[in-house]
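Trainee: Below is the sequence, then the predicted model.
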Amino acid sequence: MSTVPAPGHPSSGQMPPPLSRPNHQVTQLYGEEFAADPYAVYDRLRKYGALAPVEIAPGVGAMLVIDYRAALDLLHDPATWSKDSSIWLNSVPDDSAVMPMLRGRPNALFTDGETHARYRKVIADSFGRQEPHEMRKNVQEVADSLIASFAADGEADLIGQFARVLPLLYFNRAFGLPDEESELLIRGIMGMFDGKTPEEAAAAEAAYMSYVTELTQLKQREPGQDLTSWFMQHPAMLSAEEIIHQIVLTLGASYEPLSNLIGNALSRMLVDDRYYGNLSGGALTARDALHDVLRNEPPMANYSAHYPRRDVYFHGVWLRAGQLVLVSYAAASTQSGRSAPGESTGAAGSGGGAHLAWAAGPHACPAQQPALLIATTAIERLTAWLSDIELTVPYDQLAWRPGPFQRGLVALPARFSPVSPDTAGGKPWKRSSRQSG
């Protein structure tokens with residue numbers, strides 16, 4: 001670092017003014033153009049080098065790490081980088097649409113050091129208490145109930161009727177509430193991630209906090225064998241506020257990326273000849289499709305908000321202390337190339353290779369294996385019952401949800417041979433003749 005040029009030196013570029021607002025030339029990570037083809041946007045941003053200036057909401061700027069090596073350097077260096085957003089928050093309107101995703105909270109995502117380690121252990125230990133066979137059983141039950149609701153129709157939106165609902169119902173159960181309590185959860189989480197307007201984002205955050213508050217109050221009265229109760233009973237002795245905010249984090253971080261992971265994997269499977277058009281007996285498996293997505297279409301595209309603890313020269317760019325820096329898992333993971341749906345890759349066609357879909361370092365996702373188990377089981381269940389699914393529109397006509405953080409489909413319209421249960425119990429299912437069209 002001794003050879004780093006001073007701020008303002010021609011070879012270094014000027015240090016940005018502190019907490020400056022972006023101008024109209026800064027690339028927007030929202031809107032229809034970005035949602036339709038973010039990878040074209042990332043490619044244009046590479047002219048800046050390892051980091052690029054972006055706007056994540058009107059008037060809200062950030063530096064985006066788009067280089068794989070730089071991303072790893074940041075994620076593995078808590079001495080230089082903090083998760084404390086307090087300085088940055090002073091520069092952003094409190095009603096910004098992205099505020100619910102970036103506002104600091106007393107949980108494992110927005111803290112450092114011993115505090116972060118304490119929170120993270122509660123989450124990791126509690127998830128570790130879930131038995132894999134029980135998880136698989138619960139996913140299968142939820143999947144079967146959802147499939148039964150549309151299987152006889154011969155067509156469905158696999159996002160709205162399956163991928164977005166299944167993780168919601170599963171985690172609603174896992175945290176200890178019955179299925180009928182799930183509607184408030186989906187409204188809150190979807191609104192926070194999409195962040196279309198400040199008003200919608202604020203309403204979504206309020207709905208989400210109401211759901212979590214009611215959940216914790218119930219479990220204080222009626223503890224059970226669920227994640228909420230295990231958070232409360234953990235030896236770390238979290239306060240009531242800390243418990244609420246670990247749940248806020250864990251539900252959001254589990255549900256939204258997982259629903260996108262399932263939906264993105266299904267969309268790729270349905271246009272990939274390596275699945276032979278028979279999704280229960282192709283050359284590749286559901287696990288292959290999931291790894292393909294993690295490498296090429298990560299469900300969380302840009303996040304890992306960090307802030308320099310001091311003014312720092314990082315991969316050719318001067319950054320101010322407290323400046324917002326996001327990591328683009330999508331851009332960094334595809335820096336050396338990206339496989340489009342249906343294209344073969346270098347690892348037996350499974351989308352292999354290094355990726356950052358789970359982040360890295362001390363803040364890497366602590367529930368990677370449960371997430372893969374849930375997604376794999378969900379897809380296997382769907383394709384076992386409906387093995388001849390096909391899209392009803394070309395892949396390039398699918399619409400993607402707006403927003404700077406996630407990468408997920410608006411809808412995934414598909415058709416298949418109708419199936420119906422022989423009896424009210426629902427098994428075994430009987431397949432009718434294939435519908436034409």
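Mentor: All right, it came through fine. Keep in mind that what you see is a predicted model, and the values were worked out from it rather than measured.

Trainee: At which residues are the strands of the stretch 51-200 of the chain located?
Mentor: For the stretch 51-200 of the chain, applying DSSP state E, counting those that start in this stretch gives strands covering 51-57, 60-65, 81-82, 155-157.

Trainee: mind giving me JSON lines with the ones you listed and columns for mean neighbour count, mean pLDDT and distance to residue 206?
Mentor: Bear in mind the C-beta positions are built from the backbone N, C-alpha and C, glycine included. Below are the strands of the stretch 51-200 of the chain laid out as JSON lines (neighbours: other Cβ atoms under 10 Å; pLDDT from 0 to 100; distance: least, Cβ to Cβ, whole Å):
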{"stretch": "strand 51-57", "mean neighbour count": "23", "mean pLDDT": "96", "distance to residue 206": "19"}
{"stretch": "strand 60-65", "mean neighbour count": "24", "mean pLDDT": "96", "distance to residue 206": "20"}
{"stretch": "strand 81-82", "mean neighbour count": "22", "mean pLDDT": "98", "distance to residue 206": "28"}
{"stretch": "strand 155-157", "mean neighbour count": "19", "mean pLDDT": "97", "distance to residue 206": "28"}
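
Trainee: Looking at those, which is nearest to residue 216?
Mentor: For these, the distance to residue 216 is smallest for strand 81-82, at 28.0 Å, taking Cβ to Cβ.

Trainee: Pull up the pairing partners for that closest one, direction included.
Mentor: strand 302-308 (antiparallel) (DSSP bridges).

Trainee: Name the surrounding residues that touch stretch 172-179.
Mentor: 130, 138, 142, 169, 181-182, 185, 215, 218-219, 224, 226-229, 247, 251 (Cβ atoms under 8 Å, 6 or more residues apart in numbering).

Trainee: To clarify, my last question referred to stretch 72-91.
Mentor: Against stretch 72-91 from outside (Cβ under 8 Å, 6+ apart): 19, 21, 65, 102-104, 109-113, 116, 304-310, 312, 314-315, 321-325, 327, 356, 359-364.

Trainee: cool, stretch 102-120 as well?
Mentor: 78, 82-86, 89, 92, 123, 236, 238, 241-242, 245-246, 248-249, 253, 305, 324, 362-363, 366.

Trainee: which stretches of the stretch 251-400 of the chain form strands?
Mentor: Using DSSP E, counting those that start in this stretch, strands in the stretch 251-400 of the chain cover 302-308, 312-314, 317-319, 325-328, 390-391.

Trainee: In TSV, list the ones you listed along with mean pLDDT and mean neighbour count.
Mentor: Supplementary listing: the strands of the stretch 251-400 of the chain in TSV, determined by pLDDT from 0 to 100; neighbours: other Cβ atoms under 10 Å:
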stretch	mean pLDDT	mean neighbour count
strand 302-308	97	22
strand 312-314	97	18
strand 317-319	96	22
strand 325-328	98	26
strand 390-391	94	14
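
Trainee: Just put those strands in TSV and tack on distance to residue 38.
Mentor: Shown next, in TSV, are the strands of the stretch 251-400 of the chain (distance: least, Cβ to Cβ, whole Å):
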stretch	distance to residue 38
strand 302-308	9
strand 312-314	23
strand 317-319	21
strand 325-328	9
strand 390-391	21
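
Trainee: Out of these, which is closest to residue 70?
Mentor: Using Cβ to Cβ, the nearest of the strands of the stretch 251-400 of the chain to residue 70 is strand 312-314, at 7.3 Å.

Trainee: Run the chain-centre distance for that closest one.
Mentor: Here strand 312-314 shows a centroid-to-chain-centroid distance of 28 Å under the convention Cα atoms, centre = their mean, to the nearest Å.

Trainee: partners of that strand in the sheet?
Mentor: Sheet pairing here is set by DSSP bridges, and for strand 312-314 it gives strand 317-319 (antiparallel).

Trainee: what's the spacing between the strand it pairs with and its chain's center?
Mentor: Counting by Cα atoms, centre = their mean, strand 317-319 comes out at 28 Å from the chain centroid.

Trainee: swap in stretch 208-217?
Mentor: With Cα atoms, centre = their mean, you get 21 Å for stretch 208-217.

Trainee: What of stretch 63-71?
Mentor: 18 Å.

Trainee: now do stretch 126-143
Mentor: Centroid separation for stretch 126-143 versus its chain: 20 Å, with Cα atoms, centre = their mean.

Trainee: same deal with stretch 241-250?
Mentor: Worked out by Cα atoms, centre = their mean, stretch 241-250 lies 18 Å from the chain centre.

Trainee: For the stretch 251-400 of the chain, which segments are assigned as helices?
Mentor: 286-296, 329-333, 368-385 (DSSP state H, counting those that start in this stretch).

Trainee: Only alpha carbons, please: show the last one as PDB.
Mentor: Going back to what we said before, that points to helix 368-385. In PDB, the C-alpha atoms belonging to helix 368-385 read as follows (Å, rounded to 0.1, in the frame of the first residue of the first chain):
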ATOM      1  CA  GLN A 368     -26.500 -22.900   2.500                       C
ATOM      2  CA  GLN A 369     -27.200 -26.600   3.000                       C
ATOM      3  CA  PRO A 370     -30.800 -26.200   4.300                       C
ATOM      4  CA  ALA A 371     -31.500 -23.800   1.400                       C
ATOM      5  CA  LEU A 372     -30.200 -26.300  -1.200                       C
ATOM      6  CA  LEU A 373     -32.200 -29.100   0.500                       C
ATOM      7  CA  ILE A 374     -35.400 -27.100   0.400                       C
ATOM      8  CA  ALA A 375     -34.900 -26.000  -3.300                       C
ATOM      9  CA  THR A 376     -33.900 -29.500  -4.500                       C
ATOM     10  CA  THR A 377     -36.800 -31.200  -2.800                       C
ATOM     11  CA  ALA A 378     -39.300 -28.600  -4.100                       C
ATOM     12  CA  ILE A 379     -38.100 -29.000  -7.700                       C
ATOM     13  CA  GLU A 380     -37.900 -32.800  -7.500                       C
ATOM     14  CA  ARG A 381     -41.400 -33.000  -6.200                       C
ATOM     15  CA  LEU A 382     -42.800 -30.700  -8.900                       C
ATOM     16  CA  THR A 383     -41.100 -32.500 -11.700                       C
ATOM     17  CA  ALA A 384     -42.000 -35.900 -10.400                       C
ATOM     18  CA  TRP A 385     -45.700 -35.200 -10.600                       C
END
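
Trainee: got the angle between that helix and helix 286-296?
Mentor: 130 degrees (axes from the mean of the first three to the mean of the last three Cα atoms, to 10 degrees).
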